[in-house]
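> Everything below, folded, please.
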Amino acid sequence: MIRRQEQRDAIEPAATVGPRCGNNPNFRLSPGDQQAVDEFKAYLRQRAQDHPTP
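Residues are numbered from 1 along each chain as shown. Down below sits the predicted model:
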């Protein structure tokens, strides 16, 4: 895991893309991370539909 992070740092230095998170549009998530984000967003949408706020 650390080695993979070092490889990412070499390709996309944090100084040019900002923090590594899903909220940063300049940082490209790995396919697995993007899938987790997409699944969680779908869960939140479904939850909002199932439990509407008054």
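> Spell out the residue ranges of the helices in this protein.
Under the criterion DSSP state H, the chain contains helices at 2-11, 14-17, 31-50.
> residue contacts, residue 50?
Applying CB atoms under 8 Å, 6 or more residues apart in numbering to residue 50 gives no contacts. Quick note: C-beta positions are derived from backbone N, CA and C, even for glycine.
> That one and residue 40: what is the separation?
To residue 40, residue 50 is 15 Å away according to CB to CB, to the nearest Å.
> Also residue 48?
13 Å.
> Also residue 20?
Applying CB to CB to residue 20 and residue 40 gives a distance of 17 Å.
> Who has more neighbours out of those two?
Using other CB atoms under 10 Å, the more surrounded residue of residue 20 and residue 40 is residue 20, with 15 against 11.
> and the residue lying closest to residue 19 once chain neighbours are set aside, how many residues sit next to it?
Distance criterion CB to CB, 6 or more residues apart in numbering; nearest residue to residue 19, sequence neighbours excluded, is residue 27 at 7.2 Å. When neighbours are counted by other CB under 10 Å, residue 27 registers 17.
> what's near enough to touch residue 27?
12, 17, 18, 19, 20, 21.
> Now with 7 Å, please.
17, 18, 20, 21 (CB atoms under 7 Å, 6 or more residues apart in numbering).
> List only buried entries from those.
If you count burial by 16 or more other CB atoms under 10 Å, none of the contacts of residue 27 comes out as buried.
> for those residues, which one is nearest residue 32?
Minimum distance to residue 32 across these is 14.1 Å, recorded for residue 20 (CB to CB).
> Much appreciated, bye for now.
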